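[1] pasting a predicted model and its sequence here:
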Amino acid sequence: MILTDKSNALLNMSGNLPPKVPHAFDAVYKAAVQNVLEAFAPNELIGAHQFRGSERDRSLGARFLGRRLPQVPPADRVVVANGTQSILMMLLAGLVGRNGRLALESLSYPTLLPFARQLGFQLSPVAMDEEGVLPDHFEAVCRSERPAAYYAMPTLQNPTTAVMSIERRQAIAEICRQYGVTIIEDDIYSLLPKNVPPPLSTFAPEISWYILGTAKSLAAALKVAYVLAPTARAAEERFWPGVRATYWMCAPMNGSVVSSLIEMGAVDVVIDAVREETRARHTLVADRLGSANMRSRPDCLHVWLSLPANRPAIEFVAGVRALGVEVSVSSTYAMDNAPPNAVRFGMGTPPDRAAFERGLAAIADVYL
């Protein structure tokens, strides 16, 4: 059976967006927009650049970061930006730079590959286990290759769903401190799970840039993210108004609306709804693929599905695609030349549970 809609478009399950929750999102978003329009004269709000965010937006961004940090950080260390990719572009250009090196897991966020080509830096992949980067191998890479920075995603790592223990985070932080390696921590998946360790950055805050965005917990195209710099001066230096190589600045209206969502407490309403829907879809995954060799957890936006040796990932992806569904092959995430035989599929891109079930049926048909 071909699992397509009337336009014959593929059902995209390769992305790992949060599921849409209009019953929770729409009303609070409209209220936040109205609050901004009532509180600010429109031309005053958007009539001038706010390069690192307004004082209000940085203060409320600090409150948002405090959801994961031991305490709410000082607002002068916070930058409000147009999504995590804009933050990464700025940090990688400034902290790693041309001919520099970035350490990262051997399987990692695929956008780092074009960033490396564009900015002219090299990648130093590090071996992994079920928790993520291996401390011994990481130390060996730091000693021999001297990376300037380490891109870390220790909570629900993309694509493997790995979660580092506190002990592992402490060990990695100490290695970074020992070898002068700056930590760039992308914690974007951390707001859906309720019980995960504190950020890696909390164990070495003086050398860490901590990023927390809204795209994986509230709505995919909200595109507001916050970065906490090691110091207020570092925030100014890396994101000062004269740096115009990339458009990192968050549109003031968008930043103000998200600030209102935070101020109203409405982010909890949306995150709770996204978490509930994600868990419901994971129940469907367990029912369909309970015997499969897969890794995830009920509050993760993607599943890492390992395949048997006689079923190569490329052929598996082609088989699922023939049934009208798109999933991601492991080589997409490989930072070296040895991808495992696995695929990743996401929870939230299908518009509703019925569509998700249809996509899951195609994955199960090819796998089982």
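    On my side now, so go ahead. Numbers count the residues shown, from 1 in each chain.
[2] please report phi then psi for Ala234.
    phi -60, psi -40 (degrees, to the nearest 10).
[3] tell me the pLDDT of it.
    pLDDT for Ala234: 96.
[4] show me what the helix or strand hosting Leu123 is packed up against.
    Element membership for Leu123, per DSSP states H and E: strand 122-126. Using 3 or more Cβ pairs under 8 Å, 6 or more residues apart in numbering; DSSP states H and E as the contact test, the elements touching strand 122-126 are strand 101-105, helix 112-119, helix 135-145. For every residue, glycine as well, the C-beta is placed using N, CA and C.
[5] neighbouring strands of the helix or strand just after it in the sheet, and parallel or not?
    Of the helices and strands lying after strand 122-126 in sequence (DSSP H and E), the nearest is strand 128-129. Take DSSP bridges as the rule and strand 128-129 pairs in its sheet with strand 132-133 (antiparallel).
[6] poorly predicted segments of the stretch 201-350 of the chain, please.
    Along the stretch 201-350 of the chain, the model assigns pLDDT under 70 to residues 241-246.
[7] what pLDDT does Gln23 get?
    Not Gln; residue 23 is His. Looking at His23, the pLDDT reads 97.
[8] quick one: it and Ala273 touch, right?
    Yes: His23 is in contact with Ala273 according to Cβ atoms under 8 Å; the separation is 7.0 Å.
[9] the spatially closest residue to Gln50 that is not a sequence neighbour: how many residues sit nearby?
    Nearest residue to Gln50 in three dimensions, chain neighbours excluded: Pro252, at 5.1 Å (Cβ to Cβ, 6 or more residues apart in numbering). If you count neighbours by other Cβ atoms under 10 Å, Pro252 ends up with 22.
[10] got it, and the one 3 residues further on?
    Gly255 sits with 27 neighbouring residues when counted by other Cβ under 10 Å.
[11] just to revisit the earlier point, out of the helices and strands packed on strand 122-126, which one sits most buried?
    Highest mean neighbour count among the helices and strands packed on strand 122-126 (mean count of other Cβ atoms under 10 Å): strand 101-105, with a mean of 25.
[12] pLDDT (mean, whole number) over it?
    Across strand 101-105, the average pLDDT comes to 98.
[13] now that strand and strand 122-126, what's the angle there?
    Orientation check (axes from the mean of the first three to the mean of the last three Cα atoms, to 10 degrees): strand 101-105 against strand 122-126 gives 30 degrees.
[14] relative orientation of strand 101-105 and helix 112-119 in degrees?
    Using the same axes, to 10 degrees: strand 101-105 against helix 112-119 is 180 degrees.
[15] other residues contacting strand 101-105?
    Contact partners of strand 101-105, identified using Cβ atoms under 8 Å, 6 or more residues apart in numbering, comprise 92, 96, 112, 116, 121-126, 128, 132-133, 138, 141-142, 145-153, 157, 160, 181, 335.
[16] host element of the residue nearest to the spatial centre of the chain?
    The centroid of the chain falls nearest to Ile188 when counting by Cα atoms, centre = their mean (3.7 Å). Assessed by DSSP H and E, Ile188 sits outside every helix and strand.
[17] just Arg321 next, same as before
    helix 313-322.
[18] what's that helix packed up against?
    strand 328-329, strand 342-346, helix 353-367.
[19] mind exporting the C-alpha coordinates of the longest one to CSV?
    These are the backbone C-alpha positions of helix 353-367, laid out as CSV (Å, rounded to 0.1, in the frame of the first residue of the first chain):
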residue,chain,number,x,y,z
ARG,A,353,-1.2,10.3,15.1
ALA,A,354,-3.1,8.7,12.1
ALA,A,355,-0.4,9.8,9.7
PHE,A,356,2.3,8.8,12.2
GLU,A,357,0.7,5.3,12.4
ARG,A,358,0.7,5.0,8.6
GLY,A,359,4.4,5.9,8.5
LEU,A,360,5.2,3.5,11.3
ALA,A,361,3.4,0.7,9.5
ALA,A,362,5.7,1.2,6.5
ILE,A,363,8.8,1.1,8.7
ALA,A,364,7.6,-2.0,10.5
ASP,A,365,6.6,-3.8,7.2
VAL,A,366,10.2,-3.4,5.9
TYR,A,367,11.9,-4.2,9.2
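[20] now do the buried residues in it.
    Neighbour counts over helix 353-367 (16 or more other Cβ atoms under 10 Å) mark Ala355, Phe356, Arg358, Gly359, Leu360, Ala361, Ala362, Ile363, Val366, Tyr367 as buried.
[21] from those residues, which single one is nearest Asp57?
    Each of the buried residues of helix 353-367 was checked against Asp57 using Cβ to Cβ; the closest is Phe356, at 34.6 Å.
[22] just give the nearest non-adjacent residue to that closest one, would you?
    Pro350 (4.1 Å).
[23] likewise Leu323?
    Counting by Cβ to Cβ, 6+ apart, the residue nearest Leu323 is Ala362, at 3.9 Å.
[24] the residue nearest to Gln50 reaches Ile46, doesn't it?
    Yes: counting by Cβ under 8 Å, Pro252 does reach Ile46; the two are 5.0 Å apart.
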